[in-house]
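> predicted model, plus sequence, below.
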Amino acid sequence: MNKEEVLMKIFGGVTQGRAIDVGAHDGVFMSTTKAFEDLGWWVLCIEPNPLLIPALLENRKLVVQAACGLENGTALLSVNKSRSQGMASFTSTQYKLGGRDSAEFHVPVQVYTLTTLLETIGVPNIDLLCIDAEGEEPEVLQGIDLERWTPKAICVEDNKNFGYVGYLAKYGYEPVVSVQNDFIFAREVPE
(Lines give C-alpha, C1' and ligand atoms only; values in the text may rest on other atoms or scores of the structure.)
Protein backbone atom coordinates (compact mmCIF):
# COMPACT_ATOMS: atom_id res chain seq x y z
CA MET A 1 0.00 0.00 0.00
CA ASN A 2 1.13 3.55 -0.64
CA LYS A 3 0.66 6.43 1.84
CA GLU A 4 -2.52 7.68 0.24
CA GLU A 5 -4.13 4.22 0.38
CA VAL A 6 -3.20 3.82 4.05
CA LEU A 7 -4.59 7.26 4.89
CA MET A 8 -7.75 6.64 2.87
CA LYS A 9 -8.25 3.46 4.92
CA ILE A 10 -7.81 5.44 8.16
CA PHE A 11 -10.40 7.97 7.04
CA GLY A 12 -12.72 5.38 5.49
CA GLY A 13 -13.35 7.35 2.30
CA VAL A 14 -14.58 10.46 4.16
CA THR A 15 -15.25 13.12 1.53
CA GLN A 16 -14.96 16.13 3.82
CA GLY A 17 -12.23 17.08 6.23
CA ARG A 18 -9.34 19.43 6.88
CA ALA A 19 -5.70 18.75 6.10
CA ILE A 20 -2.48 20.71 6.48
CA ASP A 21 0.43 20.03 4.10
CA VAL A 22 3.72 21.50 5.39
CA GLY A 23 6.31 21.42 2.62
CA ALA A 24 3.72 21.17 -0.15
CA HIS A 25 6.26 21.64 -2.96
CA ASP A 26 4.30 22.26 -6.20
CA GLY A 27 1.16 20.61 -4.80
CA VAL A 28 1.43 17.57 -7.06
CA PHE A 29 4.95 16.10 -6.87
CA MET A 30 4.84 13.33 -4.26
CA SER A 31 1.79 14.99 -2.69
CA THR A 32 -0.06 13.05 -0.04
CA THR A 33 -2.85 15.61 0.33
CA LYS A 34 -3.79 16.13 -3.34
CA ALA A 35 -6.03 13.03 -3.34
CA PHE A 36 -7.87 14.40 -0.30
CA GLU A 37 -8.36 17.82 -1.89
CA ASP A 38 -9.68 16.07 -5.01
CA LEU A 39 -12.26 14.34 -2.76
CA GLY A 40 -13.48 17.71 -1.51
CA TRP A 41 -11.32 18.23 1.58
CA TRP A 42 -10.17 21.68 2.69
CA VAL A 43 -6.36 21.48 2.39
CA LEU A 44 -3.93 24.22 3.39
CA CYS A 45 -0.61 23.97 1.51
CA ILE A 46 2.39 25.62 3.17
CA GLU A 47 5.61 26.14 1.17
CA PRO A 48 8.50 28.62 1.65
CA ASN A 49 10.23 28.29 -1.76
CA PRO A 50 9.21 31.21 -4.03
CA LEU A 51 10.13 29.21 -7.15
CA LEU A 52 7.46 26.63 -6.26
CA ILE A 53 4.67 29.07 -5.37
CA PRO A 54 3.41 29.75 -8.95
CA ALA A 55 2.93 26.01 -9.62
CA LEU A 56 1.47 25.47 -6.16
CA LEU A 57 -1.05 28.27 -6.74
CA GLU A 58 -1.95 26.74 -10.08
CA ASN A 59 -2.30 23.20 -8.71
CA ARG A 60 -3.94 23.78 -5.32
CA LYS A 61 -6.70 25.92 -3.81
CA LEU A 62 -5.29 27.21 -0.50
CA VAL A 63 -1.64 28.28 -0.36
CA VAL A 64 0.51 30.08 2.20
CA GLN A 65 4.09 31.01 1.41
CA ALA A 66 5.90 30.54 4.72
CA ALA A 67 8.19 28.23 6.63
CA CYS A 68 7.16 26.45 9.83
CA GLY A 69 9.47 26.04 12.80
CA LEU A 70 9.87 26.30 16.55
CA GLU A 71 9.39 30.04 16.78
CA ASN A 72 7.96 32.96 14.83
CA GLY A 73 10.24 35.33 12.95
CA THR A 74 12.05 35.66 9.66
CA ALA A 75 14.77 33.51 8.19
CA LEU A 76 16.91 33.48 5.11
CA LEU A 77 15.84 31.07 2.40
CA SER A 78 18.63 30.05 0.03
CA VAL A 79 17.08 28.87 -3.21
CA ASN A 80 18.98 27.10 -5.95
CA LYS A 81 17.65 28.49 -9.24
CA SER A 82 18.54 25.37 -11.18
CA ARG A 83 17.12 22.88 -8.62
CA SER A 84 13.81 24.06 -7.20
CA GLN A 85 13.45 20.56 -5.72
CA GLY A 86 16.64 20.99 -3.69
CA MET A 87 17.41 19.75 -0.22
CA ALA A 88 16.49 21.87 2.79
CA SER A 89 17.82 22.39 6.27
CA PHE A 90 16.66 24.73 8.99
CA THR A 91 18.37 26.23 12.00
CA SER A 92 17.09 28.86 14.38
CA THR A 93 18.60 31.56 12.18
CA GLN A 94 18.50 30.28 8.62
CA TYR A 95 16.36 28.11 6.39
CA LYS A 96 18.21 26.86 3.32
CA LEU A 97 16.76 25.29 0.24
CA GLY A 98 18.85 24.51 -2.79
CA GLY A 99 21.72 22.53 -4.16
CA ARG A 100 25.47 22.81 -3.78
CA ASP A 101 26.28 24.88 -6.84
CA SER A 102 26.54 28.66 -7.12
CA ALA A 103 23.17 29.22 -8.81
CA GLU A 104 21.58 30.40 -5.57
CA PHE A 105 19.78 33.49 -4.43
CA HIS A 106 18.67 34.42 -0.93
CA VAL A 107 15.31 35.72 0.14
CA PRO A 108 13.88 36.37 3.59
CA VAL A 109 10.84 34.27 4.46
CA GLN A 110 8.37 34.44 7.27
CA VAL A 111 8.62 31.58 9.76
CA TYR A 112 5.67 30.65 11.96
CA THR A 113 4.97 27.97 14.45
CA LEU A 114 2.19 25.86 13.04
CA THR A 115 0.07 26.86 16.05
CA THR A 116 0.47 30.56 15.21
CA LEU A 117 -0.30 29.99 11.55
CA LEU A 118 -3.45 27.96 12.30
CA GLU A 119 -4.64 30.55 14.84
CA THR A 120 -4.00 33.43 12.44
CA ILE A 121 -5.90 31.76 9.62
CA GLY A 122 -8.68 30.68 12.00
CA VAL A 123 -8.48 26.92 11.46
CA PRO A 124 -10.84 25.35 14.03
CA ASN A 125 -9.61 21.76 13.68
CA ILE A 126 -7.59 19.46 11.44
CA ASP A 127 -8.05 15.83 10.52
CA LEU A 128 -4.76 15.15 8.72
CA LEU A 129 -1.32 16.68 9.16
CA CYS A 130 1.38 15.94 6.56
CA ILE A 131 4.92 17.19 7.08
CA ASP A 132 7.79 16.96 4.60
CA ALA A 133 10.16 19.70 5.72
CA GLU A 134 13.47 18.17 4.60
CA GLY A 135 14.82 17.33 8.04
CA GLU A 136 12.96 19.98 10.00
CA GLU A 137 9.96 17.80 10.80
CA PRO A 138 10.71 17.68 14.57
CA GLU A 139 10.64 21.49 14.74
CA VAL A 140 7.39 21.64 12.79
CA LEU A 141 5.81 19.01 15.09
CA GLN A 142 7.00 20.80 18.21
CA GLY A 143 5.50 24.02 16.83
CA ILE A 144 1.92 22.72 16.88
CA ASP A 145 -0.17 22.30 20.00
CA LEU A 146 -1.29 18.68 19.57
CA GLU A 147 -3.61 19.00 22.57
CA ARG A 148 -5.57 21.76 20.82
CA TRP A 149 -5.34 20.46 17.25
CA THR A 150 -5.74 16.71 17.35
CA PRO A 151 -5.54 15.38 13.82
CA LYS A 152 -6.76 11.82 13.44
CA ALA A 153 -3.61 11.01 11.42
CA ILE A 154 -0.12 12.44 11.00
CA CYS A 155 2.14 11.58 8.06
CA VAL A 156 5.70 12.72 8.66
CA GLU A 157 8.91 12.21 6.74
CA ASP A 158 11.85 10.84 8.74
CA ASN A 159 15.08 10.64 6.76
CA LYS A 160 17.25 11.05 9.85
CA ASN A 161 15.62 8.56 12.25
CA PHE A 162 14.31 11.17 14.66
CA GLY A 163 12.06 8.57 16.24
CA TYR A 164 8.66 10.20 16.57
CA VAL A 165 7.05 7.21 18.32
CA GLY A 166 7.79 8.39 21.87
CA TYR A 167 6.95 12.02 21.17
CA LEU A 168 3.66 11.31 19.44
CA ALA A 169 2.66 8.60 21.96
CA LYS A 170 2.37 11.39 24.56
CA TYR A 171 -0.49 12.77 22.47
CA GLY A 172 -2.25 9.45 21.87
CA TYR A 173 -0.76 8.53 18.48
CA GLU A 174 0.28 5.02 17.52
CA PRO A 175 2.45 4.10 14.54
CA VAL A 176 0.45 2.60 11.68
CA VAL A 177 2.98 2.00 8.94
CA SER A 178 6.23 3.17 7.41
CA VAL A 179 6.22 3.74 3.65
CA GLN A 180 9.72 4.54 2.37
CA ASN A 181 10.80 7.48 4.55
CA ASP A 182 7.29 8.48 5.60
CA PHE A 183 5.70 7.37 8.85
CA ILE A 184 1.99 7.41 9.48
CA PHE A 185 0.61 7.76 12.99
CA ALA A 186 -3.04 7.65 14.00
CA ARG A 187 -5.15 8.15 17.11
CA GLU A 188 -7.24 5.14 16.19
CA VAL A 189 -5.28 2.49 14.32
CA PRO A 190 -7.42 0.77 11.67
CA GLU A 191 -7.54 -3.01 11.58
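Here it is on my side, so go on.

> let me see the ranges of the strands in this protein.
Ranges of strands in the chain, per DSSP state E, are 18-22, 42-47, 62-65, 67-68, 73-80, 87-90, 94-98, 104-112, 128-131, 153-157, 174-179, 182-186.

> let me have the ones you listed in CSV, adding distance to Lys9, mean neighbour count and mean pLDDT as columns.
From N, CA and C alone the C-beta is placed, and that goes for glycine too. Compiled in CSV, the strands of the chain are given as follows (distance: least, C-beta to C-beta, whole Å; neighbours: other C-beta atoms under 10 Å; pLDDT from 0 to 100):
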stretch, distance to Lys9, mean neighbour count, mean pLDDT
strand 18-22, 16, 26, 98
strand 42-47, 19, 24, 97
strand 62-65, 25, 18, 96
strand 67-68, 27, 27, 94
strand 73-80, 36, 18, 80
strand 87-90, 30, 18, 39
strand 94-98, 33, 21, 44
strand 104-112, 32, 16, 84
strand 128-131, 13, 26, 97
strand 153-157, 10, 24, 95
strand 174-179, 9, 15, 90
strand 182-186, 10, 23, 93
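
> out of these, which is closest to Gly143?
The minimum distance between Gly143 and the strands of the chain falls on strand 67-68, with 5.9 Å, by C-beta to C-beta.

> could you dump the strands of the chain into TSV and include distance to Ala35?
Converted to TSV, these look like this (distance: least, C-beta to C-beta, whole Å):
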stretch	distance to Ala35
strand 18-22	10
strand 42-47	10
strand 62-65	16
strand 67-68	22
strand 73-80	28
strand 87-90	24
strand 94-98	25
strand 104-112	26
strand 128-131	11
strand 153-157	12
strand 174-179	14
strand 182-186	14
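
> so which of those strands is nearest Leu168?
Proximity to Leu168, assessed across the strands of the chain by C-beta to C-beta, is greatest for strand 182-186 (5.0 Å).

> got a list of contacts for that closest one?
Residues from elsewhere that reach strand 182-186 (C-beta atoms under 8 Å, 6 or more residues apart in numbering): 3, 6-7, 10, 32, 132, 152-158, 164, 168, 173-178.

> so how far is it off the chain centroid?
Strand 182-186 has its C-alpha centroid displaced from the chain centroid by 13 Å (C-alpha atoms, centre = their mean, to the nearest Å).

> stretch 135-148 now?
Worked out by C-alpha atoms, centre = their mean, stretch 135-148 lies 10 Å from the chain centre.

> buried stuff in it?
For stretch 135-148, the neighbour count (16 or more other C-beta atoms under 10 Å) marks 135-141, 143-144, 146 as buried.
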